[in-house]
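Student: Coordinates for the following, if possible.
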Amino acid sequence: MTLDDTQLYYLHDPMCSWCWGFKPTWDIVTKQLNGKIKIVFLLGGLAPDSDEDMPLQTRDYVQSNWRRIEEKIPATKFNYDFWSKCKPRRSTYPACRAVISARIQNPDCETSMISAIQKRYYLDAQNPSDEDVLVSLAAELGLDAEEFRFDLRSEKVNKTLLAEISLAKSLEMQRMPSLSLQTGRELKPISIDYLDPDYIVAQIIS
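Tutor: Numbering: from 1, shown residues only. Reported below is the predicted structural model:
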């Protein structure tokens, strides 16, 4: 079954902890949909650029959110050493721009960069808000590190991010992760079950 006039929007942020929890199920969904429907990744940009340390209240909120995810999705793991090893900033735009920069240089590296950021953040306890961390990931993925750094800082990439955030709002996609199926001018929100990929796929290709 090929849905030529249909595309599925996936709203995410590589530093969204719920997106990390959703990753195993989403990987199964994308595998089942491979060749059947076009998937468009949209970056939601959870938190804009900031050089300020994350307030203690926000740190407590994020850590409690991690614990809620571990309870809801038991297979999900977080490395809490992040909070003692790093200086957290409430800033996810750099990681979002890294995904776009990887996409520009090699479209096949988009999902690889998303996964690399997630693993470096949640498992390796490093901060993807830091440019050097993102550049090192690009090099590990076989991208040209200096070209990647240039794109990461460019106005072109920043405008692309802002355009994706704006598009998501126009599609009335607000939460992350979020799915919306577009057929012609019709939009259909897709309900997410973090543990049941078949439930998600059935809504898309039914």
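
Student: switch to C-alpha atoms for all contacts and neighbour counts from now on
Tutor: Noted.

Student: Quick check: which ranges of this protein have low pLDDT?
Tutor: Scanning the chain for pLDDT under 70 picks out the ranges 1-4.

Student: all strands of it, in order?
Tutor: Under the criterion DSSP state E, the chain contains strands at 6-12, 38-43, 178-183, 186-190.

Student: Just give the strands next to the third one in its sheet, each with its orientation.
Tutor: Each strand paired with strand 178-183, and its direction, by DSSP bridges: strand 6-12 (antiparallel), strand 186-190 (antiparallel).

Student: now those strands in CSV, with mean neighbour count and distance to R67?
Tutor: Output for the strands paired with strand 178-183, formatted as CSV (neighbours: other C-alpha atoms under 10 Å; distance: least, C-alpha to C-alpha, whole Å):
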stretch, mean neighbour count, distance to R67
strand 6-12, 22, 20
strand 186-190, 15, 26
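
Student: quick one on the thing from earlier: for K85, which of the strands of the chain is the nearest?
Tutor: Closest approach to K85 among the strands of the chain (C-alpha to C-alpha): strand 6-12, 25.7 Å.

Student: Could you tell me the angle between that closest one and strand 38-43?
Tutor: Relative orientation of strand 6-12 and strand 38-43, computed by axes from the mean of the first three to the mean of the last three C-alpha atoms, to 10 degrees: 20 degrees.

Student: For strand 6-12, what is the distance to the chain centroid?
Tutor: Counting by C-alpha atoms, centre = their mean, to the nearest Å, strand 6-12 is centred 12 Å from the centre of its parent chain.

Student: And for it, what's in contact with it?
Tutor: 19, 37-44, 168, 173, 175-184 (C-alpha atoms under 8 Å, 6 or more residues apart in numbering).

Student: Of those residues, keep whichever come out buried.
Tutor: Buried members of the contacts of strand 6-12, counted by 16 or more other C-alpha atoms under 10 Å: 19, 37-39, 41-44, 168, 173, 176-182.

Student: what distance separates stretch 144-158 from the centre of its chain?
Tutor: So, by C-alpha atoms, centre = their mean, the centroid of stretch 144-158 is 18 Å from its chain's centroid.

Student: again, but for stretch 145-163
Tutor: In terms of C-alpha atoms, centre = their mean, the centre of stretch 145-163 is found 16 Å from the chain centre.

Student: circling back: adding distance to N65 as columns, could you present the strands of the chain in a markdown table?
Tutor: Formatted as a markdown table, the strands of the chain follow (distance: least, C-alpha to C-alpha, whole Å):
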| stretch | distance to N65 |
| --- | --- |
| strand 6-12 | 17 |
| strand 38-43 | 20 |
| strand 178-183 | 18 |
| strand 186-190 | 23 |
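
Student: Right, I'll leave it there.
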